[in-house]
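Student: Turn this into a structure:
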Amino acid sequence: MSLAGFLAHSALAAARDQSRTAATIATERDVLAELFAMRRQLGWAGSNLNQVAKALNSGGDVPHLKEVLADIHRAANAVKKAADRVANHQEQEGEAA
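Tutor: Numbers count the residues shown, from 1 in each chain. Now for the predicted structure:
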C-alpha cells in the first residue's frame, strides 16, 4: 500500500469510528509520527549503506562500516518497536470490541 493510500485508509477508518477517545487518537498520531521519523532514518541508513557498498566494490576502504551498520540496526529496531506498538494497540482494540 502506498503512503498516500495508507493515510487515506487511516483517515476514513478514524472518521467511521465515533467511539475513539481523544487519547486514542493522540496515541495513534504519536505512533504515526514515530513511523515517519523511522522511515527517514531508514532512508538515511540505506543511503549510507549504498555508499559503503560502492566503496567496497571499487576496492576502497570503509573506516566507518561499524557505525553505518549500527545506524541500520538502530533504525530497524526503532521501526520494529513502532510496529509492535501499532500491533499491540490493534490487539487491545480488538479485545475491547
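Student: Setting aside sequence neighbours, what's the nearest residue to the residue nearest the centre of the chain?
Tutor: The residue lying closest to the centre of the chain (Cα atoms, centre = their mean) is L35, at 3.3 Å. Sequence neighbours aside, A82 is the residue nearest to L35 in space, at 5.0 Å (criterion: Cβ to Cβ, 6 or more residues apart in numbering). Where you see a C-beta, it was placed from the backbone N, CA and C, and this is true even at glycine.
Student: Secondary structure element for the residue nearest to the centre of the chain, which one?
Tutor: Secondary structure from DSSP states H and E places L35 in helix 22-57.
Student: Report the angle between the next helix-or-strand element following that helix and helix 22-57.
Tutor: Sequence-wise, the next helix or strand downstream of helix 22-57 (DSSP H and E) is helix 65-96. Counting by axes from the mean of the first three to the mean of the last three Cα atoms, to 10 degrees, helix 65-96 lies at 150 degrees to helix 22-57.
Student: Which neighbouring elements make contact with helix 65-96?
Tutor: Identification of packing neighbours for helix 65-96 by 3 or more Cβ pairs under 8 Å, 6 or more residues apart in numbering; DSSP states H and E yields helix 22-57.
Student: May I see the buried residues of the helix it packs on?
Tutor: For helix 22-57, the buried set under the neighbour-count rule, 16 or more other Cβ atoms under 10 Å, comprises E28, V31, E34, L35, M38, Q41, L42, A45, N48, L49, V52.
Student: okay, the second one: pLDDT?
Tutor: Yep, that's V31 we're talking about. V31 carries a pLDDT value of 72.
Student: That one and S58, how far apart?
Tutor: Plainly put, V31 is 41 Å away from S58 if you go by Cβ to Cβ, to the nearest Å.
Student: about what we covered before: tell me the contacts of the residue nearest to the centre of the chain?
Tutor: By Cβ atoms under 8 Å, 6 or more residues apart in numbering, L35 lies in contact with V79, A82, A83, V86.
Student: could you flag which of the residues you listed are buried?
Tutor: Here, 16+ other Cβ under 10 Å leaves V79, A82 buried among these.
Student: Rebuild the contacts of L35 as CSV, extending it with distance to H9.
Tutor: Output for the contacts of L35, formatted as CSV (distance: Cβ to Cβ, whole Å):
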residue, distance to H9
V79, 20
A82, 18
A83, 17
V86, 13
